[in-house]
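1. Got a predicted model here, sequence first, then my questions.
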Amino acid sequence: MIVTAPSLSKVICVLSGGVGAARLLQALSGVIEPRELRAVVNVGDDLVLHGLTICPDLDTIAYTLSGRHNDVLGWGLKDESWRVMDELDALGGEAWFRLGDRDLATHLYRSQRLGEGATKTIVTAELCAKFGVDVALLPVSDDPLATVFDTELGTLSFQEYFVRHRHDVVVHGVKVEGAASARVSAGARDALTTAARVVIAPSNPLISIDPILQVGDVRSLVRGRRDDVVAVSPIIAGAAVKGPADRLLGELGYAVSCVGVADFYGDMVGTWIIDEHDAEHADTLRERGHRVIVTTTLMHETANAHRLARAVLS
Ligand code: GDP
């Protein structure tokens, strides 16, 4: 009888926020089978508005991977119209968080299914099947989480900080309410423990990835896989590509560079992928015990995005 070693899982698990993760998942989908990708997605920015449950990070990824995202706005669906919001605005309703007419269908569908007792994991799988997304999008938890900001204006919810104040407020601290009691979803746990590699997407470390790490034992699961953990820096040459990651790092006491991001994650990362503009920091990261790959990490051009994806898998 010939006994063969069990084949190593080819699955790649990606800890994911919104835009930075969506771009990396799209790039990875260009070089490996999308069905081999599992995204463990942040739900700390989720909100209930107009009675509807909205999951911005899950939707950003699903819309991007289905080729329907709005490149001009950087969020939402393309070919969008705004008749409902305009009408709501005219009524004096809460129209600061813009929900397009097409986008609303996603939130109506999700809210109805959650109301019927389906979990966020199940509803996300249903939506992805309808959108033709083959990457498995796995909410880190099916329990409610809420990332809140301690700011110069007092406590703000995620979307008050991010959308209403356009993240132009001094932040003193970030807290993820519900994280201590939230359970890791079965799909997320399976991906984190069985994947060949755990990738930390170039998402905002403080407000997209940390809320994932704070759920249950996710941080220790990731730390336990250190040798298989690859992280891509969202900071290039001292600036975020998009959003407040750079400003938040500084306000919360970290260096505004890939080194500051590495300090934030600490010893859970085996390999850092940093941008060629940050090559000067490679030795500092090596001295801290990380392997380092230096390459182009800006994913605006497909060829660069695919090169980064191959580096992540190398
Ligand atoms: P959000 O929830 O939609 O704000 O998205 P994320 O947290 O996933 O992404 C925001 C982070 O993605 C920012 O810190 C950006 O710097 C980073 N990001 C976006 N595009 C790129 C890219 O092409 N390359 C790299 N390295 N980072 C990116």
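-> All right, it came through fine.
2. can you pull out the strands in the stretch 151-300 of the chain?
-> 154-157, 171-177, 197-200, 229-232, 235-236, 239-240, 271-275, 291-295 (DSSP state E, counting those that start in this stretch).
3. for these, which one sits closest to Val43?
-> strand 171-177 (10.1 Å; C-beta to C-beta). Where C-beta positions appear, they are placed from N, C-alpha and C, glycine not excepted.
4. Direction included, what does the closest one pair up with?
-> Within its sheet, and counting by DSSP bridges, strand 171-177 is paired with strand 146-151 (antiparallel).
5. could you check whether the strand it pairs with is close to the ligand?
-> No - judged by C-beta under 6 Å from any ligand atom, strand 146-151 stays clear of the ligand, getting no closer than 10.4 Å.
6. For that strand, buried residues please.
-> 146-149, 151 (16 or more other C-beta atoms under 10 Å).
7. Closest to the ligand out of the residues you listed?
-> Nearest to the ligand out of these is Thr147 (C-beta to the nearest ligand atom; 10.4 Å).
8. Report the beta-bridge partners for the closest one.
-> Per DSSP bridges, the residues bridged to Thr147 are Val176.
9. So which bits of the chain are right by the ligand?
-> So far as C-beta under 6 Å from any ligand atom goes, the chain lies against the ligand at 17-21, 23, 57, 60, 202-204, 208, 232-234, 236, 240-243, 245, 297-299.
10. how about a cut-off of 5 Å?
-> Residues of the chain lying near the ligand by C-beta under 5 Å from any ligand atom: 17-21, 202-204, 208, 234, 240-243, 245, 297-299.
11. Of those residues, keep whichever come out buried.
-> Counted by 16+ other C-beta under 10 Å, the residues of the chain next to the ligand give 17-21, 202-204, 208, 234, 240-241, 243, 245, 297, 299 as buried.
12. now, among those residues, which is nearest to Phe162?
-> Gly243 (8.1 Å).
13. Show me the helices in this protein, by range?
-> 19-29, 56-65, 83-90, 101-115, 120-131, 158-159, 186-194, 210-213, 218-224, 245-251, 258-265, 282-287, 302-313 (DSSP state H).
14. would you turn the ones you listed into CSV with mean pLDDT?
-> As requested, these are exported to CSV (pLDDT from 0 to 100):
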stretch, mean pLDDT
helix 19-29, 98
helix 56-65, 98
helix 83-90, 97
helix 101-115, 98
helix 120-131, 98
helix 158-159, 92
helix 186-194, 97
helix 210-213, 98
helix 218-224, 97
helix 245-251, 97
helix 258-265, 98
helix 282-287, 98
helix 302-313, 97
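15. which one of those lies closest to Ala179?
-> For Ala179, the closest of those is helix 210-213, at 6.7 Å, according to C-beta to C-beta.
16. Work out the gap between the closest one and the centre of the chain.
-> Distance of helix 210-213 from its chain centroid, counting by C-alpha atoms, centre = their mean, to the nearest Å, is 10 Å.
17. likewise stretch 215-229?
-> Chain-centre distance of stretch 215-229: 16 Å, with C-alpha atoms, centre = their mean.
18. Now that stretch - C-alpha only, PDB.
-> Taking Å, rounded to 0.1, in the frame of the first residue of the first chain, the C-alpha atoms of stretch 215-229 are listed here in PDB:
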ATOM      1  CA  VAL A 215     -12.700  39.000  18.200                       C
ATOM      2  CA  GLY A 216     -12.300  35.900  20.500                       C
ATOM      3  CA  ASP A 217      -9.000  34.200  20.000                       C
ATOM      4  CA  VAL A 218      -8.300  35.500  16.400                       C
ATOM      5  CA  ARG A 219      -5.100  37.300  17.600                       C
ATOM      6  CA  SER A 220      -3.600  34.300  19.200                       C
ATOM      7  CA  LEU A 221      -4.700  32.100  16.200                       C
ATOM      8  CA  VAL A 222      -2.800  34.400  13.800                       C
ATOM      9  CA  ARG A 223       0.200  34.700  16.200                       C
ATOM     10  CA  GLY A 224       0.300  30.900  16.300                       C
ATOM     11  CA  ARG A 225       0.700  30.800  12.500                       C
ATOM     12  CA  ARG A 226       3.400  33.500  12.500                       C
ATOM     13  CA  ASP A 227       5.600  31.600  10.000                       C
ATOM     14  CA  ASP A 228       2.700  31.500   7.500                       C
ATOM     15  CA  VAL A 229       1.600  35.100   8.100                       C
END
